[in-house]
Structure formats: C-alpha cells, structure tokens
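# the following block contains a protein sequence and its predicted model.
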Amino acid sequence: MNRIVLFLFSILLGQTLSANAQNLRAEFAVARFHSPVDGPYLEAYVKLKGNTLKLIPVEGGFQSSAIVGLEILRGNETVYQDRVVVNGPLLETDSIRQDFIDVQRIPLEKGKYKLKLTLADVNDSISDEVTVNQEIELVHTEGNWISSDGGETKFDPTKGGVEVPTGGSEYNNINYFISDIQPIGEYKKSTSKSILTKNGIDLTPYTSNFYPETQNRISFYTEIYNTNKANASKTSLADKQFKTDSGKPFKYLVKAFIESADGGQVVNELGTYFKKDSAQVIPILHSFQIDELETGNYNLVIELRNSENKLLESKSFYFQRFNNIPTEYTMPEELSDEDELNLTFVGKYNSPEELEEYLRCLHPISAQQEISFVNQGLRKKTLNVVLMKKFLYNFWKQRNPNDPEGAWLKYWAEVEKVNAAYSTNHKKGYDTDRGRVYLQYGAPNTISPSYFEPNTYPYEIWHYYVLKDGKLNAEQNNRKFVFANIEGGTSEFDLIHSDAKNEITNQRWHHDLHSRSSQSINLDVQDAGDHYGGRSKDFFENPY
C-alpha cells in the first residue's frame, strides 16, 4: 500500500469554527484501476475539510491532525486495515484554513468488498468518530466474449457466467474494460514518480461529484484495457484516410462527452474523440470547459468503439452542476399552426385547467429544462391553451415518434393509478415522492409495508429487481427506496433513502426512521440499534 498527503489552500474570513464530531466534514471517493503487472487495485481519496478540524499551536505555527482509518472486508474477513494520524499543513496563523487529502493505493483481488472509513479529530478529545460505509466490486479484465459482428449475446454459466454470442460467426475472448473515471482537480507533468503519477502525469484527485459555479472546468482520467488482445486478422480496420496522430490506421475510437442525466441528451460542444491503436493500457486525460454548462444533473461518458463505430464498452461518471445562468427550454417548431395542432391527439383538449394538469403530471419523467419551462410558464401565466397543447404534443412526439398518443394514454393511465393511491388533501399523487418514483421507474416488484411498529414511524420499502430509468435510458439491478410518514397528520410518505443512482442517499435512514424513540442528536450516528418489533433492516436487506 502507498499513501500521500496533499495540501489544498483556502482562507476563511470571519467564520466561527466549532470543533466537534458533528462539524467534522470530509469527502470520500474511490476509483478502481488495473495494473498489467500487479492486477486490480483501489485508490481511496479522503479530503479533510480544514475548517472543521481544530487547530493547535505547534512549533513554527498552527496545525490540525486527523485519524484516518480504513478497513476493507470481503464477507466477514478483513483483508486490509490501516489507521494513521494524518497531519495538516503547518500554518503561520489560525485565521487560515487549508484542506488536505489523504491518498491510498491498495492492491486487491477481484471480488466484492465493504469499505469502512473512520475519521476523528486528534485535537478534540470530546469528539466522536465519523464513520462511512461503502460497498464496491473489483472485476477481472479477462474472459468476456465479444462478438465481432454485433451478434446477440446470452448468459452462459458454462463460460464462467459471461456473455456468449448467439449470433455472428466470429468472436474473440476479450473483455474490453474501462477503469473508473477519476475526476481530477489539477494535473501537471511529473518531475518524480509518486502515488499521484500515472503515465508521467501527476493527477490531484477531485473528491466530489458537485461542480459549483466557481469550477469552470471538469478534468478527468481513465484507462482502457485489453485492446491489445484483439485478433487483428478478425478485426476490420478503418479505411486508410482514418489515421492516428502518428499516421497509422486506427483500430479504436474513444469518445468522451457530457450528457444530461435527466434525459440522456448530449450537450452540444462538450464532446471529443481520440483515435487509438491497440495497446495494453490506453490512458485518457482530458478537460471540458463547463462555464456555459447550465445547472443540472449530468453524466460524463466514455465510450470505446471499433473502427466501424460499434460500441464495445462504456463507462460514466455522474455529476451535478450549479451555474447561475438561465436554463432555457426551446419549443420545437413542428406544428406551430393551431389548425395543424388540432388535427393531432391534443386537439380534443381545450380546457386550460385540464391542460395544466396534464403538463404538471409529466414532471416525474421530464428533463429539468422541461420542468422549469412549465413551472415558469404556469406561474407567470405565459402558457396559453395553444402553447400547452404544443408542449404536450411535442413531449410525446419526441419520446415516441410512431405513436405519441398511445404513449400518452398509457402514461395517463398510470397517473390515474398513482392519484388514486397516493393523493393527499394537499397534493396529487404524481406530486408525492411515492407517485414520482412509481411514474419514473414503474411499479416496484415488492413493497414491504410497516405502519404499526411500536418504535418507528410508518414506512414502506420498495424493491426493484431491475430499475429501468427512462430519463437516463439505463438499468440498475436490485435497487430499493425507503418512504416514511415522519411528519404525521397526513397520508404522505416522504422518500428518506435510496441506493439508486441520482436519488437521495441517507446513511442515517435507519436512525431517522427510529427517531420517534431515539433521542440521540449526534448527526454522525447512522444506526439506531435494534428496537423491539423493528423489522426495517430485515426488509431493506431481505425484501419479500
């Protein structure tokens, strides 16, 4: 295992600091890579917030220190454990605060692991440890079967549980594999090799997936493996006019682009490509300027394609952007004439109140720009009947060009189910958390309800075997949602935790669920312990 500590500079002006466990803050991130020599390894990054640690006088100035502990378990077996004191930078005055990052590189075999990170302020004797848990999986980079002509695949346990082509006459036993996308704070040419060095470049990690207005660039690093294992005689090369930078015909095209996480639309001008020959490891380091990128949820996507532009493998990194520039939705020009519009399925809708309801109920499956357009238009009363008809028609025409009316009627039938099941005195069903999740992802496979446990608020745990997200055009396996009626007095259940991508994640959900009987105010406590009659843990881990 290797480690290094980086110091990041910041100044606090007129801010009162409190050194206790509830204020100790840090950012934790991991990235998985593969060494051709040593095999898979994990990089762990812990960014400690200097303004949440207690400074003490030391020789030469002031300094803060933190205990950083990392335990990695495979099943019940501890395969790695490390606990050290990490010292912050030596500062001349206590009016300056500086963040610092602890970086570790840990070789691990392929498999599923649980990570347990513990943090504590060395200089605050009354503070408690902060604990973070995370599950990861390291996969092997050999053994997947890739069809060379796009034949369909199926699961075959005789091949080790890998995908085996059912069509196509030629295939290669290759697993094209992309490492995690590592967001980078800054990078520079290396003068001496360290844990930060990859392919001659020192990469300082960026430990968050949030990019505020002050961040005008997103930089990233990733590696692509196993392209050198392709059978050249069975791989069609591009025509000679397609060359790499060295002038040779290329075998692979690597695309990098940013897309909306809400709808999957590629953001204009935020994309590039690299022409690459086969290699044991193909490193990719690039930056996108995001000063014009609007507030919203996005995916940074890396695609590996062959010379015929067939997708071989992809990887994505989800991030959030806040940017104080106006977010605009442009209405398509199609069917701008009212008479033409009335010949479509929206022609029968003429009530402003009815059309407002139809537009509002689309929010669970709308992109953020569409939601903002509707909300602002209804609030400012700039949406007349014709514009609302036009929006409704174009919304479904974009999503189902062949049968927009059929898609709309199918969705409206689900809205009516949701309204009947989840409406309250103040909200329509589609406006509630349960209604939104149902409409966005469909009906859950199981619902584990508990309304009368003695020490918990009423709650439901929804389980999806496969979560199909139309907004992201993606699937996730084995995802759960926890809803609770914490406020009381209404029938509304709020979403308090989910392990699905882009949903609220609250490691304290079990504690919050039992806060009816738990009096702890320590914000770092995640588990409320066992309670008489309580089954929430069982329902979440083993839903029925």
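The structure has been received and is ready for your questions. Just so it is clear, the model here is predicted, and its values are computed rather than measured.
# show me the contacts for Pro346.
Quick fix: residue 346 reads Val, not Pro. Remark: with contacts taken as Cβ atoms under 8 Å, 6 or more residues apart in numbering, Val346 is in contact with 389-390, 392-393. Yep, even glycine has a C-beta here, placed from its N, CA and C like the rest.
# show me the helices in this structure, by range?
Taking DSSP state H as the criterion, the chain carries its helices at 338-341, 352-360, 368-380, 385-399, 404-422, 433-441, 509-513, 536-541.
# want to throw those helices into JSON lines with mean neighbour count, mean pLDDT and distance to Glu135?
Formatted as JSON lines, the entries for those read as follows, by neighbours: other Cβ atoms under 10 Å; pLDDT from 0 to 100; distance: least, Cβ to Cβ, whole Å:
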{"stretch": "helix 338-341", "mean neighbour count": "12", "mean pLDDT": "82", "distance to Glu135": "51"}
{"stretch": "helix 352-360", "mean neighbour count": "16", "mean pLDDT": "96", "distance to Glu135": "37"}
{"stretch": "helix 368-380", "mean neighbour count": "16", "mean pLDDT": "87", "distance to Glu135": "29"}
{"stretch": "helix 385-399", "mean neighbour count": "20", "mean pLDDT": "93", "distance to Glu135": "34"}
{"stretch": "helix 404-422", "mean neighbour count": "16", "mean pLDDT": "97", "distance to Glu135": "31"}
{"stretch": "helix 433-441", "mean neighbour count": "21", "mean pLDDT": "96", "distance to Glu135": "21"}
{"stretch": "helix 509-513", "mean neighbour count": "22", "mean pLDDT": "81", "distance to Glu135": "16"}
{"stretch": "helix 536-541", "mean neighbour count": "16", "mean pLDDT": "56", "distance to Glu135": "12"}
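# which among those helices is found nearest to Ser65?
Put simply, out of those the one that sits nearest Ser65 is helix 509-513, at 28.5 Å, with distance taken as Cβ to Cβ.
# pull the distance from that closest one to the chain's centre.
Chain-centre distance of helix 509-513: 23 Å, with Cα atoms, centre = their mean, to the nearest Å.
# do the same with stretch 306-326
Once both centres are worked out by Cα atoms, centre = their mean, stretch 306-326 turns out to sit 12 Å from its chain's centre.
# what residues of it count as buried?
Going by neighbour count (16 or more other Cβ atoms under 10 Å), the buried part of stretch 306-326 is 306-307, 312-313, 315-317, 319, 321, 323.
# got CSV for the residues you listed, with pLDDT too?
Output for the buried residues of stretch 306-326, formatted as CSV (pLDDT from 0 to 100):
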residue, pLDDT
Asn306, 88
Ser307, 83
Leu312, 92
Glu313, 92
Lys315, 93
Ser316, 94
Phe317, 94
Phe319, 92
Arg321, 89
Asn323, 84
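# which one is the most centrally placed residue in the chain nearest to, not counting chain neighbours?
Note on the chain: the residue nearest the mean C-alpha position is Tyr318, at 3.9 Å, using Cα atoms, centre = their mean. Computed as Cβ to Cβ, 6 or more residues apart in numbering, the closest residue to Tyr318 that is not its neighbour in sequence is Asn299, at 5.5 Å.
# partner residues bridging that neighbour?
Here Asn299 sits in beta bridges with Glu259, Tyr318, as judged by DSSP bridges.
# that one contacts Ser316, doesn't it?
Yes. Contact status for Asn299 versus Ser316: in contact at 4.5 Å, counting by Cβ atoms under 8 Å.
# between the contacts of Val346, which is closest to Arg508?
For the contacts of Val346, the closest approach to Arg508 (Cβ to Cβ) belongs to Leu392, at 40.5 Å.
# nearest residue to the closest one in space, please, no chain neighbours.
Val346 (5.2 Å).
# before we move on, back to that, give me the subset of the buried residues of stretch 306-326 lying in strands.
Residues of those located in strands (DSSP state E): 306, 312-313, 315-317, 319, 321.
# Throw those into CSV and include distance to Ser366, thanks.
Converted to CSV, those look like this (distance: Cβ to Cβ, whole Å):
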residue, distance to Ser366
Asn306, 35
Leu312, 32
Glu313, 30
Lys315, 27
Ser316, 21
Phe317, 23
Phe319, 20
Arg321, 18
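# go through the residues you listed and name the one nearest Gly69.
Sorting these by distance to Gly69 puts Phe317 at the head of the list, at 26.9 Å, by Cβ to Cβ.
# give the contact list for that closest one.
With contact taken as Cβ under 8 Å, 6+ apart, Phe317 is in contact with 180-181, 183, 209, 220, 299-300.
# still on that earlier bit, need the helices of the chain in a markdown table with distance to Asn123, can you?
As requested, these are exported to a markdown table (distance: least, Cβ to Cβ, whole Å):
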| stretch | distance to Asn123 |
| --- | --- |
| helix 338-341 | 68 |
| helix 352-360 | 53 |
| helix 368-380 | 43 |
| helix 385-399 | 56 |
| helix 404-422 | 50 |
| helix 433-441 | 41 |
| helix 509-513 | 27 |
| helix 536-541 | 35 |
